[in-house]
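**Q** How does the following fold in three dimensions:
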Amino acid sequence: MSTRQILVTSALPYANGDIHLGHLVEYLQTDIWVRFQKLRGHDCLYLCASDAHGTPIMLRAEQAGLTPEALIEQVGARHRQDFAEFLVEFDNFHSTHSPENREIVERIYAALDAGGHIARRRIRQAYDETRGMFLPDRFVRGTCPKCGAADQYGDSCEVCGATYAPTDLIDPRSVLSGTTPSVRESEHLFFKLADFGDMLRGWIDQGHLHPAVTAKLGEWFDAGLQDWDISRDAPYFGFSIPGEPDKFFYVWLDAPVGYIASFLDLARRRGDLDFDTYWAPDSPVELYHFIGKDIVYFHALFWPAVLAGSGFRTPDGIFAHGFLTVNGQKMSKSRGTFITARSYLDHLDPEYLRYYYAAKLGPGVDDIDLNLDDFVARVNADLVGKVVNIASRCAGFIHRLAEGRLAAALHAPELQEDFQAAAESIASAYERREFSRAMREIMQLADRANQYIDQHKPWVLAREGQTTEAVAVSTQGLNLFRLLMIFLKPVLPGVAQASETLLQVPPLGWTDLSTPLLDREIQPFSPLLSRIEPARVEALVEAAKTAAAAAANPDATSG
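**A** Numbering: from 1, shown residues only. Reported below is the predicted structural model:
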């Protein structure tokens, strides 16, 4: 198997709030896929960054009495800690508010402008006279001009689904001051997306997207590719546009550029990564972006066009996932199902969630549901009852009967071969992001391993004095467990590491599937993963409710 060079990104988390369980769908999906590639021996880099610009961050910082720079550093530090504790292993986690990002976005803009792909025109915008600033769409609310629903955002109606401009709202008001905004004109800069219509159609036809995403893009093509406003007026937290007084790059232009900037930062620190090898138009490296389905428009139309128009390579794949529901409904603060990563980590092991998401995830854009009762039942049955149970049963006999030394031969080599033969199908499932299929096939193997142990009953053999046979069966059981842990290592890296310690072996890789573990000592068994007690999940939900209530009424607990 030849070594592949792969560059992988997740969408950049916005640096004005905490990571929650919905966000984690993407980062865990990506991390599992990257870990699988590395387990197979491929050269795979996983990059991300804080998305650190925009009006919401500027206003949030003002509210908190901080500079925007201080806010994004605080939030970014929390993000990095949450990701680390969920065992999401980035090769680099950078920030869009960085010299590297400014350098690349200015280079991209200059190339697009020189190529004739930037247009200028005057637009009418809502303006808050009290605050002295133009208002982003979501900072204007009012009555929907289509259905009459009250208190709707300035870009779309949550009742009828209509889209419109903030200036179309009936009785609009500024979210910031509560006053009625005026309408002012301003000259803005636009990226001429239609210039790249043929290029985009050709790129899409190469199969870089899931069929459901391709179909959605077809609707946008049919409606006509529109120019994209890439500038914002002062005051704004972001990078100023060279030669354009009081104009800033719109956050959605420099946010995906953060992928390139994160690589540039890593390359400059490491010294062994060539920028053009990864980002030139003829790059041999595979490039994949994992994103949520809500930002397909930016990543599958604007981003490839911007890259092509500025002399960079385009992605080989954009992998979009669906949203998370909890107990069949949108996450809810009042029901205690809007759960932050930190709150989860305060109550439960992160690998429970890594496994549960893997057991639900496929390659498409379907939403996945975190059913809390099923979560408890499945983790306890699969991970504790099936997988860890094998090690706990067998390791004890090895230490009681053979002073911790495995037998010198396999007891059931044909069963070992069956497990090894399953590797091709499991690898295919991982590669195609069919994680739920991979988990089903792995658990079927775990069932076979437990059936083998139940059939040969090493506890009975030990009681009857058949020590050699009992050790042989237990050795075979541990070898099956070892194969299962190789298969599960992308999902359960912490359990895999503890299992490597138990078996006293170096970090396991895919090539270790072909070699059994025989005639060597292992350590005494220590618990690898404990059962989820339902009370711990109930405590998590109650903590989420309490946090939501405190946030809604911050003065309720003051002195």
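**Q** List the contacts of Thr314.
**A** By CB atoms under 8 Å, 6 or more residues apart in numbering, the contact list for Thr314 reads Trp203, Leu287, Pro304, Leu307, Ala308. The C-beta positions use only the backbone N, C-alpha and C, and glycine is treated the same way.
**Q** tell me the SS of it?
**A** Secondary structure state of Thr314, per DSSP: H, G, I helix; E, B strand; the rest coil, is coil.
**Q** Just give me the neighbour total for Ala165.
**A** Number of residues near Ala165 (other CB atoms under 10 Å) recorded here: 15.
**Q** Then the one 3 residues further on?
**A** Asp168 has 15 neighbouring residues, counting by other CB under 10 Å.
**Q** again with His299
**A** Neighbours of His299 under the rule other CB under 10 Å: 22.
**Q** ok, now how distant is it from Gly362?
**A** Distance, His299 to Gly362, by CB to CB, to the nearest Å: 19 Å.
**Q** can you put the contacts of Thr314 in TSV and add distance to Gly148 and neighbour count?
**A** Formatted as TSV, these follow (distance: CB to CB, whole Å; neighbours: other CB atoms under 10 Å):
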residue	distance to Gly148	neighbour count
Trp203	42	20
Leu287	46	23
Pro304	39	21
Leu307	42	23
Ala308	43	17
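**Q** Narrow these to those in helices?
**A** Trp203, Pro304, Leu307, Ala308 (DSSP state H).
**Q** Export these to a markdown table and append columns for distance to Asn380 and pLDDT.
**A** Shown next, in a markdown table, are the ones in helices among the contacts of Thr314 (distance: CB to CB, whole Å; pLDDT from 0 to 100):
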| residue | distance to Asn380 | pLDDT |
| --- | --- | --- |
| Trp203 | 46 | 96 |
| Pro304 | 44 | 98 |
| Leu307 | 46 | 98 |
| Ala308 | 50 | 98 |
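**Q** And those residues, which is closest to Asp168?
**A** Nearest to Asp168 among the ones in helices among the contacts of Thr314: Pro304, at 30.7 Å, using CB to CB.
**Q** Which pLDDT does the model give the closest residue to the closest one other than its chain neighbours?
**A** Spatially, and ignoring its direct neighbours in sequence, Pro304 is nearest to Thr314 (4.6 Å; CB to CB, 6 or more residues apart in numbering). We have a pLDDT of 98 for Thr314.
**Q** Could you do Ala165 as well?
**A** Confidence at Ala165, expressed as pLDDT, is 86.
**Q** How much space separates it from Leu301?
**A** Ala165 is 20 Å from Leu301, by CB to CB.
**Q** got the domain boundaries for this protein?
**A** 5-110+248-321, 118-191, 373-514 (automatic domain parsing).
**Q** Distance to Ala358 for those - can I get that in CSV?
**A** What follows is those, written out as CSV (distance: least, CB to CB, whole Å):
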stretch, distance to Ala358
domain 5-110+248-321, 6
domain 118-191, 32
domain 373-514, 4
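**Q** Just tell me which of these ends up closest to Tyr355.
**A** That would be domain 373-514 among the domains of the chain, by CB to CB, at 5.6 Å.
**Q** mean confidence score for the closest one?
**A** 98.
**Q** rewinding a little: between the contacts of Thr314, which is nearest Ile108?
**A** Nearest to Ile108 among those, with distances taken as CB to CB, is Leu307, at 8.2 Å.
**Q** Hmm, Arg354 is touching Val491, no?
**A** Yes - if you go by CB atoms under 8 Å, Arg354 and Val491 touch, sitting 5.4 Å apart.
**Q** Could you tell me which residues touch both of those two?
**A** Ile32.
**Q** Give me the neighbour count for His321.
**A** Around His321 there are 24 residues (other CB under 10 Å).
**Q** Was I right to think it contacts Val25?
**A** Yes - between His321 and Val25 there is a contact under CB under 8 Å: 6.0 Å.
**Q** what is in contact with these two at once?
**A** Common contacts of His321 and Val25, defined by CB under 8 Å, 6+ apart, comprise Gly292, Leu361.
**Q** Outside of stretch 104-119 itself, list whatever touches it.
**A** Under the contact criterion CB under 8 Å, 6+ apart, stretch 104-119 has outside partners 189-192, 195-196, 227, 230, 239, 241-242, 249, 253-254, 257, 260-261, 264, 306, 309-312.
**Q** chain center to that stretch, what's the gap?
**A** How far stretch 104-119 lies from its chain's middle: 30 Å, per CA atoms, centre = their mean, to the nearest Å.
**Q** Any buried residues in stretch 209-218, and which?
**A** Neighbour-count burial for stretch 209-218, with 16 or more other CB atoms under 10 Å as criterion, is recorded at Leu209, His210, Val213, Lys216, Leu217.
**Q** Number of residues surrounding the closest residue in space to Asn479 that isn't next to it in sequence?
**A** The spatially closest residue to Asn479, leaving aside those adjacent along the chain, is Pro516, at 5.1 Å (CB to CB, 6+ apart). Residues contacting Pro516 under the criterion other CB under 10 Å number 20.
**Q** ok, Pro516 - contacts?
**A** Counting by CB under 8 Å, 6+ apart, Pro516 makes contact with Leu410, Gln416, Asn479.
**Q** go again using 10 Å as the cut-off
**A** Shown in contact with Pro516 (CB atoms under 10 Å, 6 or more residues apart in numbering): 406, 409-410, 413, 416, 420, 475-476, 478-480, 482-483.
**Q** what do you get for Val183?
**A** Contacts of Val183 by CB under 10 Å, 6+ apart are Arg124, Gln125, Ala126, Tyr127, Pro166, Thr167, Pro172.
**Q** and those as JSON lines, adding secondary structure and neighbour count?
**A** Formatted as JSON lines, the contacts of Val183 follow (DSSP: H, G, I helix; E, B strand; the rest coil; neighbours: other CB atoms under 10 Å):
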{"residue": "Arg124", "secondary structure": "strand", "neighbour count": "12"}
{"residue": "Gln125", "secondary structure": "strand", "neighbour count": "22"}
{"residue": "Ala126", "secondary structure": "strand", "neighbour count": "24"}
{"residue": "Tyr127", "secondary structure": "strand", "neighbour count": "18"}
{"residue": "Pro166", "secondary structure": "helix", "neighbour count": "23"}
{"residue": "Thr167", "secondary structure": "helix", "neighbour count": "15"}
{"residue": "Pro172", "secondary structure": "strand", "neighbour count": "20"}
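**Q** Return the closest of the residues you listed with respect to Thr277.
**A** Closest approach to Thr277 among the contacts of Val183 (CB to CB): Gln125, at 42.6 Å.
**Q** Return the set of residues that bridge with the closest one.
**A** Listed beta-bridge partners, Gln125: Arg184 (assigned using DSSP bridges).
**Q** Does it touch Arg184 like I think?
**A** Yes - with contact defined as CB atoms under 10 Å, Gln125 reaches Arg184; the gap is 6.1 Å.
**Q** Residues that sit against both of these two, list them.
**A** Shared contacts of Gln125 and Arg184, counting by CB under 10 Å, 6+ apart, come down to Phe134, Asp233.
**Q** Surely Ile318 forms part of a strand?
**A** Yes - assigned with three-state DSSP, Ile318 falls within a strand.
**Q** Bridge partners for it, pull those for me.
**A** Judged by DSSP bridges, the bridge partners of Ile318 are Leu209, His289.
**Q** Pass me the low-pLDDT residue ranges in this structure, would you?
**A** Per-residue confidence for the chain (pLDDT under 70) gives these ranges: 1, 553-559.
**Q** Roughly how far does Thr3 sit from Glu89?
**A** On the measure of CB to CB, Thr3 and Glu89 end up 19 Å apart.
**Q** Look at those two and report which has more neighbours.
**A** Neighbour count, other CB under 10 Å: between Thr3 and Glu89, Glu89 has more, with 13 against 10.
**Q** how about the more buried one, what does it touch?
**A** Here Glu89 is in contact with Asp31, Val34, Arg35, Lys38, Tyr46, Phe83, Pro493 (criterion: CB under 10 Å, 6+ apart).
**Q** Apply 7 Å and report the result again.
**A** By CB atoms under 7 Å, 6 or more residues apart in numbering, the residues touching Glu89 are Asp31, Tyr46.
**Q** From Arg78, how far off is it?
**A** Distance from Glu89 to Arg78, by CB to CB: 18 Å.
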